[in-house]
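Student: next come a sequence and a model predicted from it.
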Amino acid sequence: MEEEEESRSFAECQQNYSKIIKPTLKDKIWLEGNKIFVYILFAISVIVASLSIFKLLSYVPFGPEEDLYGEPVPTLDVSFDGGTLTVKQIQQIIFSLIIIFISSIGISYLAERVKMPGLLGILLLGILFRNVSIFNRNLFINDAIGSLLRKFAFLIILLRAGLGLDAKALMELKGACVFLAFLPCTFEAFTVAFASWLIFKINFSFGLLLGFVLAAVSPAVIVPAMLELRTKRLGIDKGIPTLINAAASIDDVYAITWFSLILSSITSGSEDNSSQVWTIIRAPLEVIGGIILGGILGIILWIFPDPKLTSIKLRRISLLLSLSFAALFGTEYLGLETVGPIAVLILGFTAALRWRKLSRLECLKEEKLLKNAWDYIGLPFLFCLIGYQLNLEQLDEGSIAQAVAILACGLFIRCIVAALAVLKTKLNLKEKIFVAISWLPKATVQAALAPVLLDMTRTNSSKFGIYQSEGIIILTVSIISILMTAPAGAILIRLLGPILLTKSRDPPKDDPIELEEKVLNSI
């Protein structure tokens with residue numbers, strides 16, 4: 001009954017669509033101004049409220065251990081950080097997150113207005129917050145909190161990728177998917193290792209460590225871009241968005257696994273060969289375990305909640321998110337870092353198989369909810385926090401030119417191998433070029449892995465201090481890669497998608513989501 005009512009309402013919407021009067025220039029100006037005023041009013045009210053609640057209206061003059069009345073500020077144990085935070089620091093974290101959220105939404109809107117990706121503005125905003133003293137002095141983001149938010153955003157990315165996979169296209173392109181996931185990543189890693197050995201004169205093992213840091217593609221850039229292409233019906237006849245999304249997820253797991261293996265080999269030397277052998281054996285077992293776990297959880301979502309229940313979409317999305325959180329963080333707690341991301345991806349894919357059979361409209365509604373979660377939570381926090389991690393003072397300015405050269409060598413080989421990976425598919429030349437270009441963006445994995453070696457040299461200088469120069473090189477090249485490829489890749493995908501990809505000639509009839517988007521775009 002509920003589905004019939006939805007169908008009738010959308011049918012009426014379709015009949016009335018032709019009657020919609022195109023808004024005048026005056027109407028458009030008024031609506032844009034109205035949006036801006038609403039945003040400013042919202043931002044001011046939230047900031048004033050948070051400042052008042054946390055008594056931070058004049059917190060700068062206070063000593064770090066005094067409150068508004070000069071009394072000592074109590075400390076709280078923070079179990080996940082292994083240390084303590086004062087109440088004031090906790091208040092500053094919350095206030096900083098509010099500032100990041102509000103300013104990221106605003107800067108993203110401005111970037112979109114000038115036809116640039118919103119993530120570019122948000123990334124630059126994060127860099128500004130970290131490297132301009134007036135912001136860095138007054139904003140405080142605890143590393144554990146930042147990591148938690150980035151993982152939450154990554155979870156949304158994986159779920160959106162899983163729900164958006166086309167099973168039929170994936171079966172047809174499974175060979176190309178495997179080649180695209182492994183070959184470009186491997187060739188780029190070894191190219192970067194060789195180039196680093198030539199240019200920086202570092203040991204080949206450190207070059208390979210840098211290679212696998214750089215070789216991971218950014219799902220935070222690629223997945224939303226591919227889903228946007230799918231909504232525009234670009235390349236879907238040949239399954240290009242599905243191919244790229246699936247391969248990107250595998251690519252990340254592959255790169256992170258090799259990074260962990262090489263880092264373990266470097267730091268343990270020849271003392272613990274058994275642990276290195278176990279790491280090699282464990283990697284494929286964790287992938288298989290992730291597939292099995294995700295499949296089981298996805299099948300559970302076939303049965304629960306029952307489609308006859310009311311508010312079915314809300315129930316489904318709530319259970320989907322809770323199971324995904326449990327899988328991602330539970331496996332990480334057990335030390336099985338590879339299992340979680342694979343399980344979340346397969347969970348979304350498996351659940352969507354059944355949901356599409358029941359009602360394609362319902363599945364799209366759930367994807368829409370996740371899209372909103374990404375647009376208003378995942379995107380602002382992820383890219384602002386990635387930018388916030390990039391401390392430009394840590395850059396070795398004398399190595400920037402060499403870093404760009406190494407990055408260019410790796411990307412050149414990566415694009416060629418990516419095009420060759422889909423050589424035997426039914427894709428035409430322009431589509432193969434697009435696949436190669438879409439394999440450029442780097443951001444998420446690089447921001448997480450780049451500081452690891454340098455942090456080890458600083459926290460345990462007696463043991464790892466000899467690796468400090470290599471740690472600085474890895475961090476420098478990784479920061480350059482994020483700054484160059486994340487915005488450039490997003491822009492190229494957005495610009496070249498409509499040019500290089502073919503639009504589907506057979507859109508679904510009476511597609512309510514497509515109709516709704518047309519109506520909203522006309523306004």
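Tutor: That came in fine, so what should we check first? Residues are numbered from 1 along each chain as shown.

Student: contacts only, for Asp306.
Tutor: Asp306 makes contact with no residue, according to C-beta atoms under 8 Å, 6 or more residues apart in numbering. In short, each C-beta sits where N, CA and C put it, glycine included.

Student: give me the distance between Val178 and Arg230.
Tutor: Taking C-beta to C-beta, to the nearest Å as the measure, Val178 falls 22 Å from Arg230.

Student: shaky segments in this protein?
Tutor: Within the chain, the segments meeting pLDDT under 70 span 1-21, 54-84, 268-276, 279, 359-364, 506-523.

Student: mind listing the strands for it?
Tutor: 75-78, 83-86 (DSSP state E).

Student: domain assignment for the protein?
Tutor: According to automatic domain parsing, the chain comprises the domains 24-115, 146-522.

Student: quick one: which of Val178 and Arg230 has more around it?
Tutor: Using other C-beta atoms under 10 Å, the more surrounded residue of Val178 and Arg230 is Arg230, with 19 against 14.

Student: which residue sits closest to the more buried one, ignoring its sequence neighbours?
Tutor: Pro241 (4.6 Å; C-beta to C-beta, 6 or more residues apart in numbering).

Student: got a list of what the one you found touches?
Tutor: Here Pro241 is in contact with Gly164, Asp166, Met226, Leu227, Leu229, Arg230, Leu234, Gly235 (C-beta under 8 Å, 6+ apart).

Student: got TSV for those residues, with distance to Ile105 too?
Tutor: Formatted as TSV, the contacts of Pro241 follow (distance: C-beta to C-beta, whole Å):
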residue	distance to Ile105
Gly164	24
Asp166	31
Met226	23
Leu227	20
Leu229	24
Arg230	24
Leu234	27
Gly235	30
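
Student: and which of these is nearest Gly489?
Tutor: For the contacts of Pro241, the residue nearest Gly489 by C-beta to C-beta is Met226; the value is 12.0 Å.

Student: list the buried residues for stretch 404-422?
Tutor: For stretch 404-422, burial by neighbour count (16 or more other C-beta atoms under 10 Å) applies to 406-407, 409-411, 413-415, 417-422.

Student: quick check: which of the domains of the chain is buried the most?
Tutor: Comparing the domains of the chain by mean neighbour count (mean count of other C-beta atoms under 10 Å), domain 146-522 comes out on top with a mean of 19.

Student: just to revisit the earlier point, mind checking which of the buried residues of stretch 404-422 are in helices?
Tutor: Counting by DSSP state H, the buried residues of stretch 404-422 place 406-407, 409-411, 413-415, 417-421 in helices.

Student: thought Ala419 was touching Lys430?
Tutor: No. With contact defined as C-beta atoms under 8 Å, Ala419 does not reach Lys430; the gap is 11.2 Å.

Student: can you lay out the ones in helices among the buried residues of stretch 404-422 as JSON lines showing distance to Leu155?
Tutor: Converted to JSON lines, these look like this (distance: C-beta to C-beta, whole Å):
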{"residue": "Ile406", "distance to Leu155": "32"}
{"residue": "Leu407", "distance to Leu155": "29"}
{"residue": "Cys409", "distance to Leu155": "33"}
{"residue": "Gly410", "distance to Leu155": "28"}
{"residue": "Leu411", "distance to Leu155": "28"}
{"residue": "Ile413", "distance to Leu155": "32"}
{"residue": "Arg414", "distance to Leu155": "27"}
{"residue": "Cys415", "distance to Leu155": "29"}
{"residue": "Val417", "distance to Leu155": "30"}
{"residue": "Ala418", "distance to Leu155": "26"}
{"residue": "Ala419", "distance to Leu155": "31"}
{"residue": "Leu420", "distance to Leu155": "33"}
{"residue": "Ala421", "distance to Leu155": "28"}
